[in-house]
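Asker: Whatever this is, show me its structure:
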Amino acid sequence: MRDQVLRAAQERISLRGIERIFKVCRQTVAKWIRTYLKCLPVIADTLLLYEVGDVLEIDELWSFVLNKDQKRWVWVVLCRRTRQIIAFYIGKRDEQAARQLEQRIPYPYTLCPMYTDQYRAYEGILPDHLHWAKEKNSGATSHIERWNNTLRQRLARFVRKALSFSKCDIMHRVLQEWFIMNTT
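Answerer: Coordinates of the predicted model:
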């Protein structure tokens, strides 16, 4: 039954919904998810090897914890060739968060050209000779924008007008990481 509950948690079902369907306490489900995640490798260990010519796309999307006044920005770096998430960071939408994200990009991906939207926080943090700020409609960040859309479709807590949302930062991060590990 644990496997069924974990598969249901990967779908767009809230922990309270799982609790009602499977008659398993949501705290138990959360514990199972955290235990499962501890067994997974870190993102850097799952990446395909870097190749010359790889290009990174970087973007951020908002979600919230408990209520919409408590926004959390999910910063994501995607390799265009492999469609893998190279790094991510959850925090505010400011320069410090952009710096945290940049520090999580593993070497040698730090040598890749990096395409972003024209958000100013990237300026001065990403290397000038590798950073290309483009307009949203240019198509330069279309892969990461598609990934953001997939995230919002598959995890109800990332949908803007949903009844299913994260009640605590820990579960917000845990389910984000779980989604990344299952899509890479």
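
Asker: any idea how far Val5 is from the residue lying farthest from the centre of the chain?
Answerer: Most distant residue from the mean C-alpha position of the chain: Lys23, 29.5 Å away (Cα atoms, centre = their mean). Separation of Lys23 from Val5 (Cβ to Cβ, to the nearest Å): 10 Å. The C-beta positions use only the backbone N, C-alpha and C, and glycine is treated the same way.

Asker: now Val42
Answerer: 25 Å.

Asker: Which one of the two is surrounded by more residues?
Answerer: Val5 (19 against 10; other Cβ atoms under 10 Å).

Asker: Any idea how many residues pack against Arg93?
Answerer: Quick note: Arg93 (other Cβ under 10 Å) scores 16 neighbours.

Asker: So it sits against Ser63, correct?
Answerer: No - taking Cβ atoms under 8 Å as the definition, Arg93 is not a contact partner of Ser63, at 11.5 Å.

Asker: Quickly list what's touching both of the two.
Answerer: 71, 73 (Cβ atoms under 8 Å, 6 or more residues apart in numbering).

Asker: How confident was the prediction at the closest residue to Met181 other than its chain neighbours?
Answerer: Once flanking residues are discounted, Met181 sits nearest to Leu40: 5.2 Å by Cβ to Cβ, 6 or more residues apart in numbering. At Leu40, the pLDDT value in this model is 82.
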